[in-house]
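[1] whatever this is, show me its structure:
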Amino acid sequence: MADKSFPASPSTRIPFALALSGLAGCTDSIGFLEFSQLFMSFMSGNTTRFGVSVSKFDWESTARVSSVIVVFCFGAFIGTLIAAWVGRWRLSVLLLLQAVLLAVGLVMPYGTFAWPLHVYPIVLALGLQNATLQDEAGRSLALTYVTGAVVRFGTGLANLLMGKVAPSFWLQAPLWGALSTGAVVGGFLQTHYGEDAFLFPAALAALLALVAIALTILKPGSAYVTGAEEYHPPDAQGPVK
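    A predicted model of the protein is given here:
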């Protein structure tokens, strides 16, 4: 099978994946504590809350959770289109957008409980993040959730015993570790800084964007910043949480 990874070089792709997974865990933890247990990237959790809200005829909570799910989905949608449009600047552009969106939430009006306007830019950033990187099979790397990574690690162990493990198997456990570590850090940050803690993941996204810009300028067209082949739309993910 042809390599469809983006970026093609694991020297860039793996560190970026781990950093972004940690960023997602940090952001989700801050949002969970700050916004009454509303998930910023864990859409399965929000889907469960949606079902519970409907069963209790709690329409304000239903609107709150369902709108977040829609915004997250739109982020993945628009991120994929942007990635196809900007080509080799994909990393730089998507990371800059994430940094801006994570910071914009702090100055947005709060809206209402049912329509939390200040939450939407943060959720949009995390939805968009899922279009940033692809593994060697052309699948979007699971950067904002870990159930898919845990499942792939478990099935990968079985495949390892049968002698047919995929190269991306070795990344699954570190991705889980990065997201979990980010969640711990986010919890500490929210405890000390409240909503301003979102500036930490925003700054990390901006720093990663600067690194991506430097790589794109210094090594244009190299495997450090582009795919092994022309752009391939991400394949559908396997089981996710």
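
[2] what are the ranges of the strands in the chain?
    With DSSP state E, there are no strands along the chain.

[3] pLDDT below threshold where in it?
    1-5, 135-139, 167-168, 228-241 (pLDDT under 70).

[4] so where do the helices sit in it?
    Secondary structure of the chain by DSSP state H: the helices cover 10-34, 43-55, 59-86, 90-104, 120-129, 147-161, 169-193, 199-218.

[5] how about the contacts made by the closest residue to residue 88 other than its chain neighbours?
    Leaving aside its chain neighbours, residue 88 sits nearest to residue 226 (4.8 Å; criterion: C-beta to C-beta, 6 or more residues apart in numbering). Bear in mind the C-beta positions are built from the backbone N, C-alpha and C, glycine included. For residue 226, the contacting residues are 6, 7, 8, 87, 88, by C-beta atoms under 8 Å, 6 or more residues apart in numbering.

[6] cool, and residue 215?
    If you count contacts by C-beta under 8 Å, 6+ apart, residue 215 has them with 12, 91, 222, 224, 225.

[7] quick check, nearest of the residues you listed to residue 122?
    Distance to residue 122 across the contacts of residue 215 (C-beta to C-beta) is lowest for residue 91, with 20.3 Å.

[8] count the neighbours of that closest one for me.
    Other residues lying near residue 91 total 27 when counted by other C-beta atoms under 10 Å.

[9] was I right about it contacting residue 132?
    Yes - contact status for residue 91 versus residue 132: in contact at 6.7 Å, counting by C-beta atoms under 8 Å.

[10] give me the common contacts of those two.
    Common neighbours of residue 91 and residue 132 (criterion: C-beta under 8 Å, 6+ apart): residue 16.
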